[in-house]
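Give me coordinates for this.
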Amino acid sequence: MRLGVVFPQYEIGSDPGAIRDYAQTAEGLGFSHLLAYDHVLGADGSDRPVPLGGPYTERHAFHEPLALFSYLSGLTERIGFATGVLVLPQRQTALVAKQAAEVAILSAGRFRLGVGVGWNRIEYEALGADLATRGRRLDDQVAVLRRLWTEPVVDLESPWHRIDRAGIAPRPSVPVPIWMGGFSEPAFERAARLGDGFLFSRRGGRRPGEGSTEPLAGVVEQVGRLRRRVADLGRDPETFGIECRINYTSGPDTWRDELAQLAVAAVDLVAINPLDAGLGSAEAHIGALHRIAEECRTAGVGVGRS
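The predicted structure is shown next:
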């Protein structure tokens, strides 16, 4: 089981030097990967006839993950990168194929594309996408992405795509792994059919800082059910990746206990989420990396200095 960390999107600030230092510190401490959340737009949720929901507003600053990882690829050598998750149905598929291929090439294969359907209807509308059909569109997009990454010339027509004998170049040496995320049964079913892995994220409060409301035992049970579903579809669950998330705010005793539970469940990857823990600056987040690494190393779990 390898241990990564959630990139502190809306708390790290915009200093490129601080972002570089964070990634290089994480790599030097032996973390396996950085996982970054995604939002193109934040929406003002006040005074809407239908509540917007979701934990983020226009005040939360999100670095665009594919551009971020392109930048960090040239400043690191070993640490991996993953989107957790990119809201794929609100984006143009061919453009994502091109961008993801570039990150994979520049990072020498250190990139996983985590995708999901999202929730922000204002964001969908602003990007010219249809929220109502996002699940079916994502299914179609996954097939198109894989063809664009493996075929020099693609000729296809589907409910959401028409590519008339065209392709991307350069292409990655191998297809970018596509992992999926979400909380619903359709998300689990889709991942079992189409995904290379699944990113489990425990349900939290409706606003940042409210913490997780889902016990880890529920996630472990979901892991088992998803693996059985993968097997029922004739796929090998041993080749299907599982990543789970634990919260920095829980404290070291809880980290160690939860990491031990996830090791028993044979989870492949864990990301510790340091957001909404009152850290609030790049310097504090870098200090938290040292604390996490030391506590986990002492417990013999997940991370070692590289």
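
which stretches of the stretch 101-250 of the chain form strands?
Listed in chain order, the strands found in the stretch 101-250 of the chain under DSSP state E, counting those that start in this stretch are 111-116, 154-157, 162-166, 178-181, 197-199, 241-247.

Please tabulate the ones you listed in TSV and include mean pLDDT as additional columns.
What follows is those, written out as TSV (pLDDT from 0 to 100):
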stretch	mean pLDDT
strand 111-116	98
strand 154-157	98
strand 162-166	98
strand 178-181	98
strand 197-199	98
strand 241-247	96
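
Number of residues surrounding the nearest residue to Gly54 once chain neighbours are set aside?
Excluding the flanking residues, the one nearest Gly54 by CB to CB, 6 or more residues apart in numbering is Trp119, at 5.2 Å. Where C-beta positions appear, they are placed from N, C-alpha and C, glycine not excepted. The number of residues packed near Trp119 is 16, by other CB atoms under 10 Å.

thinking again about what came up before, list just the one of the strands of the stretch 101-250 of the chain that sits closest to Ile12.
strand 241-247 (17.4 Å; CB to CB).

The closest one: what's the following helix or strand?
helix 252-264 (DSSP states H and E).

What residues of that next one count as buried?
Residues of helix 252-264 classed as buried: Trp255, Arg256, Glu258, Leu259, Gln261, Leu262 (neighbour count, 16 or more other CB atoms under 10 Å).

Next: stretch 7-17.
Buried residues in stretch 7-17, counted by 16+ other CB under 10 Å: Phe7, Pro8, Gln9, Tyr10, Glu11, Ile12.

could you dump stretch 264-277 to CSV, C-alpha only?
Output of stretch 264-277 as CSV, limited to C-alpha atoms (Å, rounded to 0.1, in the frame of the first residue of the first chain):
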residue,chain,number,x,y,z
VAL,A,264,-6.0,-5.4,5.6
ALA,A,265,-8.5,-4.6,2.9
ALA,A,266,-5.6,-4.7,0.4
VAL,A,267,-6.1,-1.2,-0.8
ASP,A,268,-3.4,-0.1,-3.3
LEU,A,269,-3.2,3.6,-2.6
VAL,A,270,-4.2,6.0,0.2
ALA,A,271,-4.2,9.8,0.0
ILE,A,272,-4.2,11.9,3.2
ASN,A,273,-6.3,15.0,2.8
PRO,A,274,-4.8,18.0,4.6
LEU,A,275,-7.5,20.5,3.6
ASP,A,276,-9.7,22.3,6.1
ALA,A,277,-7.4,21.5,8.9
